[in-house]
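[1] Would you be able to build a 3D model of this:
(chains A and B)
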Amino acid sequence: MSAVPLPSMSSQAAGAGASAARVATAALVCAAVLIAAGLFLPKWLTFLVTMAAANGLVSLGIVVLMRGGVVAFGQGMVFAIGGYTAALAFNKLGITDALGLVLAGGVAAALVAAPFAPLLSRYRGIFFAMLTLALSMVTYGLLMKLAVLGGSDGFNTGRPTLLGQSLPDARVGYIVYCLAVVVSTLAGALARIYFDSTRGLVTLAVKENELRVEYLGGSVRQAMAVNFIIAAFTGGLGGAMAVLALGHIDPNFSYWTTSGEFVFVAILAGPQSIAAVFVSSAVLEVVRSFSSSYFPNTWQLALGLFLLFVIRFLPRGLGSLWTKGNAR
Amino acid sequence: MPTILIDALTYASWLFIVSLGLTLVFGVLKILNIAHGSFYALGAYTAASFVGWAASLKWAPGFSIVAMLLAAVAVAAVLAPATERALLRFFYGRDEVLLVLVTYAMFLILEDATKLLWGANPYYVSEPYGMFGSVSIGQQTYVGYDFVLVGLAIAVGLLVWWGLNRTRQGKIVLAVMHNAEVAASMGVNISRVYMVAFSIGIFLAAIGGAFTAPMISVQPGVSVGVIVVSFAVVIIGGLGSIQGAAVGALIVGLARSLAVHVAPVAELFSIYIVMAVVLMFRPEGLFQRTQVRKI
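    Residues are numbered from 1 along each chain as shown, chains lettered A, B, ... in the order given. Predicted structure coming up:
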């Protein structure tokens, strides 16, 4: 623990300016390729990628926290808040714009999470994980009891519009897919820029040694609180995105097994690569849809074995397969 | 008022048995075992099967209690050493949160395995529940079995306390809890202590499940409810502390039974609110020494 030096922050941060252009190019290329490919993909596959992107956004938030050394076991909470916000805004407020709904989901989740951030920033390890889990289960309990929100059955939403255009039957799946691709590549690019920024590097340093960060003048609690709010924002985006794709929401969004899947994806991805988050999320969706159609009774079993395998043999996640060198 | 207290007490005894296993496993192996609830469910299922067999062999109904006890022993003796040796020991020393995920994977696997073995239909083991008659206190009548559970919790608690503090083997376990490295250098066989402690923890989960089986319908999903609540208990009490588990169970039992009788809407989250309040003032739980920060 003690032998690990802090990364030299100033030079890293200065280099970030140059790499921002590279990140933007990579994100653009990635989004363009996926959007073009979406034209030729069968419907079930675009839906799968949409869900992978939505869930990946939540796991991206967990990776943001993971880089600071904490794992949130209750991101189902922000996922559900994002989802319910989008669904309610659609049904009750008449906001139908897909992009607006997604952003509303993210903002609402961040706003709800913000008061808890200073409190949670004091905790590490299991306590952080279990407190976030408790929050998500309280949310689950509330959602189950609130008859206004459909109780345990949840409710359906209608078809969104995009930028003032109504979406025709044949295209709606593809357009939601494009939106998911754009939002998640954008979020991914921003996350990379954030990781390479001074604050992002402070987060890494917190994981290594909190006291040193404080002695060097950094605020550990502030860094952790900000990370928590960022994670809530991306989680909310993901929840709203999932509602758009599914057209339905219920309290299971906040259930702890849902949260467990997000953590699963984050662990599978590892803390290094952002692309790995979305790849892992897609892997989970593929495993889920194949095993639920071929061996519906044992898909959790398969997932469990897979998770054990990853933790045992790929301790730093899929991202370590193509990201070289240190823990950056 | 007595109703609230007695409900609280029976719920707390049930909670205490299960949480004691969880806190013991954490104390020794430093693993917060999410699969604890799955072993609880396995205990309940095995008890259902054993009691069924006992009935089909035309044993006296009194033997169903023995059958339930045997069920817990079977789960602990067969599954616990197997999982510890074949799986957990590869992950010792890794990050605590990662270990939580390992047990999460175990939970997923056991959940499906239980469904494969026993199917998705509920099981009922109602006969031991009526065996102890009923007890009248004031105007209310309570089921005698509930008090058996209280007795069991007290017995289990005392036995574990006595075993840890008054026997040689127990003191070795305490030494490992305190510092595994130093214990090892004194010649303690750590991996054996780990295996035994894990088995006892699982036995406590299984016996909790076995003795709850008559009070509930045993069906998929019983594991999940247990996990989250017993986590709350051990976190309130302080991870790895036996007194903590007892006090935590009483607090949670009281909170829940107050909520059920006074404000039923709050039942689901009364437990978490208590947990959040405790953690706000005692971040390490009630019975945990504050850890020194690493420099």
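[2] Contact partners for residue 203?
    As the question left the chain open, I've gone with chain A. Contacts for residue A:203 were tallied using CB atoms under 8 Å, 6 or more residues apart in numbering or on different chains; they are A:64, A:67-68, A:223, A:227. For glycine as for every other residue, the C-beta is placed from the backbone atoms N, C-alpha and C.
[3] that's the wrong chain, I wanted chain B
    Residue B:203 neighbours (CB under 8 Å, 6+ apart): B:21, B:72-73, B:75-76, B:80.
[4] Which one of the residues you listed sits in the busiest neighbourhood?
    Of all the contacts of residue B:203, the highest neighbour tally under other CB atoms under 10 Å in any protein chain shown goes to residue B:21, namely 31 neighbours.
[5] Tell me how far the host helix or strand of that one lies from the chain's centre.
    Element membership for residue B:21 (DSSP states H and E) is helix B:2-29. Between the centre of helix B:2-29 and the centre of its chain there are 7 Å (CA atoms, centre = their mean, to the nearest Å).
[6] Just the CA atoms of the following helix or strand past it, as CSV, please.
    Next in sequence after helix B:2-29, counting helices and strands by DSSP H and E, comes helix B:36-56. The C-alpha trace of helix B:36-56 is given here as CSV (Å, rounded to 0.1, in the frame of the first residue of the first chain):
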residue,chain,number,x,y,z
HIS,B,36,-26.1,-16.8,3.9
GLY,B,37,-29.7,-16.5,2.9
SER,B,38,-29.4,-19.3,0.4
PHE,B,39,-28.1,-21.6,3.1
TYR,B,40,-31.0,-20.5,5.2
ALA,B,41,-33.4,-21.4,2.4
LEU,B,42,-31.6,-24.7,1.9
GLY,B,43,-32.1,-25.4,5.6
ALA,B,44,-35.8,-24.7,5.2
TYR,B,45,-36.1,-26.9,2.2
THR,B,46,-34.1,-29.8,3.6
ALA,B,47,-36.2,-29.6,6.8
ALA,B,48,-39.4,-29.8,4.7
SER,B,49,-38.1,-32.9,3.0
PHE,B,50,-36.8,-34.5,6.2
VAL,B,51,-40.0,-33.9,8.1
GLY,B,52,-41.9,-35.3,5.1
TRP,B,53,-39.8,-38.5,5.2
ALA,B,54,-40.2,-38.8,9.0
ALA,B,55,-44.0,-38.6,8.5
SER,B,56,-43.9,-41.2,5.7
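[7] Quick one: distance of the helix or strand just after helix B:36-56 to the chain centre.
    Per DSSP H and E, the first helix or strand lying C-terminal to helix B:36-56 is helix B:63-86. On the basis of CA atoms, centre = their mean, helix B:63-86 sits 14 Å off its chain's mean C-alpha point.
[8] can you pull the buried residues of helix B:63-86?
    When burial is assessed from 16 or more other CB atoms under 10 Å in any protein chain shown, helix B:63-86 yields the following buried residues: B:63-65, B:67-76, B:79-80, B:83-84.
[9] go on, stretch A:123-137?
    Buried-residue list, stretch A:123-137, by 16+ other CB under 10 Å: A:123-124, A:126-137.
[10] repeat for stretch A:35-54
    A:35, A:38, A:46-54.
[11] ok, and of those residues, which contact chain B?
    Contacts with chain B within the buried residues of stretch A:35-54, counted by CB under 8 Å from any CB of the partner chain: none were found.
[12] just curious, which of those is nearest to residue B:262?
    Distance to residue B:262 across the buried residues of stretch A:35-54 (CB to CB) is lowest for residue A:54, with 40.2 Å.
[13] Export the host helix or strand of that closest one to PDB, keeping only CA atoms.
    Residue A:54 is located in helix A:43-66, with elements delineated by DSSP H and E. The C-alpha trace of helix A:43-66 is given here as PDB (Å, rounded to 0.1, in the frame of the first residue of the first chain):
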ATOM      1  CA  LYS A  43     -34.800  -5.800 -34.500                       C
ATOM      2  CA  TRP A  44     -34.000  -8.100 -31.500                       C
ATOM      3  CA  LEU A  45     -30.400  -7.200 -31.800                       C
ATOM      4  CA  THR A  46     -30.900  -3.400 -31.800                       C
ATOM      5  CA  PHE A  47     -33.200  -3.800 -28.800                       C
ATOM      6  CA  LEU A  48     -30.500  -5.800 -27.100                       C
ATOM      7  CA  VAL A  49     -27.900  -3.200 -27.800                       C
ATOM      8  CA  THR A  50     -30.300  -0.500 -26.600                       C
ATOM      9  CA  MET A  51     -30.700  -2.300 -23.300                       C
ATOM     10  CA  ALA A  52     -27.000  -2.900 -23.100                       C
ATOM     11  CA  ALA A  53     -26.400   0.800 -23.500                       C
ATOM     12  CA  ALA A  54     -29.000   1.800 -20.900                       C
ATOM     13  CA  ASN A  55     -27.600  -0.700 -18.300                       C
ATOM     14  CA  GLY A  56     -24.100   0.200 -19.300                       C
ATOM     15  CA  LEU A  57     -24.700   3.800 -18.300                       C
ATOM     16  CA  VAL A  58     -25.600   2.700 -14.800                       C
ATOM     17  CA  SER A  59     -22.500   0.500 -14.600                       C
ATOM     18  CA  LEU A  60     -20.400   3.400 -15.900                       C
ATOM     19  CA  GLY A  61     -21.500   5.200 -12.800                       C
ATOM     20  CA  ILE A  62     -20.300   2.300 -10.600                       C
ATOM     21  CA  VAL A  63     -17.000   2.400 -12.400                       C
ATOM     22  CA  VAL A  64     -16.700   6.100 -11.600                       C
ATOM     23  CA  LEU A  65     -17.100   5.100  -7.900                       C
ATOM     24  CA  MET A  66     -14.900   2.000  -8.200                       C
END
